[in-house]
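[1] quick one: sequence plus predicted model below, questions after.
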Amino acid sequence: MTPFLLELIFRSVIEVTDLHFSYKDEAGSPLPAIRGMSFSIPEGSYIAIIGPNGSGKSTLARLLAGILFATSGELKIGGLNPKSPQQRERLRTLVGLIFQNPDNQLVSVTVEREVAFGLENLGLPPEEIKEGIDWALGEFNLERYRFHSPNKLSGGEKQRLAIASVMAMEPAYLILDEPTSFLDPTGRAEILSVLDRIGSRPVRRCSVQAKREPFHGPQGKVNLGSPRKLTTVHITQFPEEACLAQKVVVLNEGKVFLEGSPPEVFSHIEPLESIGLRPPQLGRLQQMLKEQGLRIMGEPCRAEEFRHSLVSLQKKPNRAESRMAIRKRGAKEKPSGLRKDKNPDKIASLEELSFRYRDFASKPKEVLSEVNLSISVGEFVGLIGPTGSGKTTLANLISGLLKPTSGKLTFSREKEGGPRVGLILQFPERQFFCETVSEDIAYGLKNRGYSGGELKRELERSLQLVDLEAEAFTHRQVHALSGGEQRRVAIASILAMKPELLILDEPFIALDPEATVKLKQSLRRIHEGGTSILLISHDLEAIFELTDRLIILKEGRITDDLPSTDRESWPEAVLKSGLVLPDHLTLLRNLEDQGWEVNYGDLTL
């Protein structure tokens, strides 16, 4: 019997009852984001919240943290009402919130000072501040960056720092708004493991509790006979992460769509797909294998459970049958790859390229070391590597945002005005500097002399490439778009300039499955139109599905550069680099070891 079958026995520490919240547009009209939401969370539990983009997940996180206040309905956290000014102040010392974008909450000049900031605001003595800093930096593998500037960290390292800074204050309630979006699979697994460990431990420092809960005893003395365990609300786009929770709440259009244990929720495949979500990759793989006659016991949600439930084959199957069993039927032939052979012209060449940042203490930090790389016309290149390996720095060098410390970067097909390289940043909203979609896309075109009907045609062409209707989007405010729409508009703004090489730095971050599929379709269309693409992503499924060449970067050096003809070796190269394959790819390798033929290029779960 699970804890949630006995939920009434447990004290519900978070109560959400008929909750409503609306933003306002420029005219002051309400824009509903939360529409009559109700659910409860028992003390010490781990809840996952999932839903498509725009379903109200981030709004709910800010309501729980006391940053936003409900329009109507009731929200209580540990009996505290965020609408009450006095209770709100107490609540804010108990709730820790991790934003999706770590840059939105990092405020200090060094990593050590960042962790110390919250502890100092709690009024702790110096020795306990030091204890908290040492614990957080060690627990989240940040000790070597103690005196570095947070601005010099990679996106994944910044997110680890944000989590470490919050966890150092030992919140009773932890709200995580897609905290692993910027981490590679290894970093994601590390964060989830740490959260699992710290969530099961009681509070360590009595004085921290005394600062947070003065209403529990006289003069700050707190009864720790029954210490409170961490209650975690984890908002995520990864169904595999939601499987780690005790309970999953699915949101859609500001309402609770489904709730229950992970196996219960993810057994509703059609309802989930109807709102643009997908079940875990293992669930889809399980269904494919069942269709081929394999006996799969139960409804496992985690890899280990799946592995135990999969009945191993005793005989090596027929190769033709096994290929059909594993590869997705009807998979389209990838158009890329041939174009490279027909036209081997190089767009960009890097020779012995190195780059060093300087940290806060002015000590050189080498990020890239003697990189040799060329990108040819028509290629679709995937670039992967552990967090901090130098991927974003490499993208910034090729696009001209940074200059190499040493080595040579050349463009063999330079046009008048310089090489045409387009870069899509991790955060597309940072690329917008006009109010509407049409103004933002037209800005670069106007600088190149376009006007009138020619300008309009190019604008419509760019939107069409990313599957956005010009009539529906040209006059929309860019910051009112969903995350997926913003990303595609950012790409359209770059495509309007007709780049020969398009670089995308983690374009799938924080997108729901439906938005991810649409973006993949757009990238295929762009590539088929003749644009070369360099795709940087932690999403190995997308890399395997889209690209015709795999480059692996580790500690600033290229360790592997594999063509599509060597695709069968890609999983092994990924593992050797220290990265972790998604669970479903790991299990496919197990099946391959048993004699099944796995075509990783055609497999799209």
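    Thanks, I have the structure now.

[2] what bits of the stretch 51-200 of the chain have low per-residue confidence?
    Within the stretch 51-200 of the chain, the ranges that satisfy pLDDT under 70 run 155, 198-200.

[3] kindly recompute the last result at 90.
    52-55, 58, 67, 78-94, 99-104, 139-141, 151-160, 170, 172, 178-200 (pLDDT under 90).

[4] helices of that one, residue ranges please.
    Remark: helices assigned in the stretch 51-200 of the chain by DSSP state H, counting those that start in this stretch are 57-64, 85-92, 111-121, 126-139, 155-167, 185-199.

[5] for the first one, packing partners?
    Applying 3 or more C-beta pairs under 8 Å, 6 or more residues apart in numbering; DSSP states H and E, we find helix 57-64 packed against strand 12-24, strand 30-42, strand 46-50, strand 72-77, strand 95-98, strand 173-177, strand 231-235. Backbone N, C-alpha and C define where each C-beta goes, glycine included.

[6] now the fourth one, how far from the centre of its chain.
    Right, the one you point to is strand 72-77. Its chain's C-alpha centre and that of strand 72-77 lie 29 Å apart, by C-alpha atoms, centre = their mean, to the nearest Å.

[7] what's the angle between that strand and strand 30-42?
    Orientation of strand 72-77 against strand 30-42 (axes from the mean of the first three to the mean of the last three C-alpha atoms, to 10 degrees) gives an angle of 40 degrees.

[8] what's the answer for the third one, then?
    Relative orientation of strand 46-50 versus strand 30-42 (the same axes, to 10 degrees): 150 degrees.

[9] picking that back up, which of the helices of the stretch 51-200 of the chain is buried the deepest?
    helix 155-167 (a mean of 25; mean count of other C-beta atoms under 10 Å).

[10] ranges for the strands of the stretch 301-450 of the chain?
    Secondary structure of the stretch 301-450 of the chain (DSSP state E, counting those that start in this stretch): strands located at 346-358, 364-376, 380-384, 406-411, 421-424.

[11] so which of those gets nearest residue 275?
    Ranking those by proximity to residue 275 (C-beta to C-beta) places strand 421-424 first, at 26.7 Å.

[12] so who does the closest residue to residue 374 other than its chain neighbours touch?
    Residue nearest to residue 374 in three dimensions, not counting chain neighbours: residue 349, with 4.5 Å by C-beta to C-beta, 6 or more residues apart in numbering. The neighbours of residue 349, taking C-beta atoms under 8 Å, 6 or more residues apart in numbering as the test, are 373-374, 408-412.

[13] then residue 106?
    Neighbours of residue 106 in contact, by C-beta under 8 Å, 6+ apart: 114, 150, 158, 161-162, 165.

[14] recalculate using a threshold of 6 Å.
    114, 150 (C-beta atoms under 6 Å, 6 or more residues apart in numbering).

[15] from residue 552, how far off is it?
    Look at residue 106 and residue 552: by C-beta to C-beta, to the nearest Å, they are 29 Å apart.

[16] residue 28: neighbour count?
    6 (other C-beta atoms under 10 Å).

[17] from here on, count from 50
    Okay, residue one is now 50; in that scheme the one you just asked about reads as residue 77.

[18] now do the contacts for it.
    Counted by C-beta under 6 Å, 6+ apart, residue 77 has zero contacts.

[19] CA atoms only: put stretch 433-446 into CSV for me.
    These are the backbone C-alpha positions of stretch 433-446, laid out as CSV (Å, rounded to 0.1, in the frame of the first residue of the first chain):
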residue,chain,number,x,y,z
ILE,A,433,27.5,16.6,-27.2
GLY,A,434,29.6,16.5,-24.1
PRO,A,435,29.4,16.7,-20.3
THR,A,436,28.3,19.9,-18.7
GLY,A,437,31.3,22.3,-18.7
SER,A,438,33.1,20.6,-21.6
GLY,A,439,33.1,23.8,-23.6
LYS,A,440,30.2,23.3,-26.0
THR,A,441,28.7,26.8,-25.6
THR,A,442,32.1,28.4,-25.8
LEU,A,443,32.8,26.6,-29.1
ALA,A,444,29.5,27.9,-30.5
ASN,A,445,30.3,31.4,-29.4
LEU,A,446,33.7,31.2,-31.1
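
[20] tell me the mean pLDDT for it?
    In this model, stretch 433-446 has an average pLDDT of 91.

[21] give me the contacts around it.
    By C-beta under 6 Å, 6+ apart, stretch 433-446 touches 203, 205-206, 232-233, 236, 404, 416-417, 432, 451, 453, 552, 554, 585, 592, 601-603, 605, 627.

[22] what's the answer for stretch 523-536, then?
    So stretch 523-536 is in contact with 102-103, 477-478, 481, 485-487, 489, 556, 559-560, 564, going by C-beta under 6 Å, 6+ apart.

[23] hmm, which two among the residues you listed are most spread apart?
    487 and 559 (25.0 Å).

[24] kindly reformat the helices of the stretch 100-249 of the chain as TSV containing distance to residue 125.
    Output for those, formatted as TSV (distance: least, C-beta to C-beta, whole Å):
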stretch	distance to residue 125
helix 106-113	11
helix 134-141	9
helix 160-170	24
helix 175-188	29
helix 204-216	22
helix 234-248	21
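
[25] looking at the strands of the stretch 350-499 of the chain, which is closest to residue 328?
    Once those are compared by C-beta to C-beta, strand 429-433 is nearest, at 24.8 Å.

[26] quick check: angle from that closest one to helix 234-248?
    40 degrees.

[27] can you give me the angle strand 429-433 makes with strand 413-425?
    Using the same axes, to 10 degrees: strand 429-433 against strand 413-425 is 160 degrees.

[28] okay, buried residues for strand 429-433 please.
    429-433 (16 or more other C-beta atoms under 10 Å).

[29] pipe those into a markdown table and attach distance to residue 444 per row.
    Output for the buried residues of strand 429-433, formatted as a markdown table (distance: C-beta to C-beta, whole Å):
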| residue | distance to residue 444 |
| --- | --- |
| 429 | 15 |
| 430 | 11 |
| 431 | 13 |
| 432 | 8 |
| 433 | 13 |
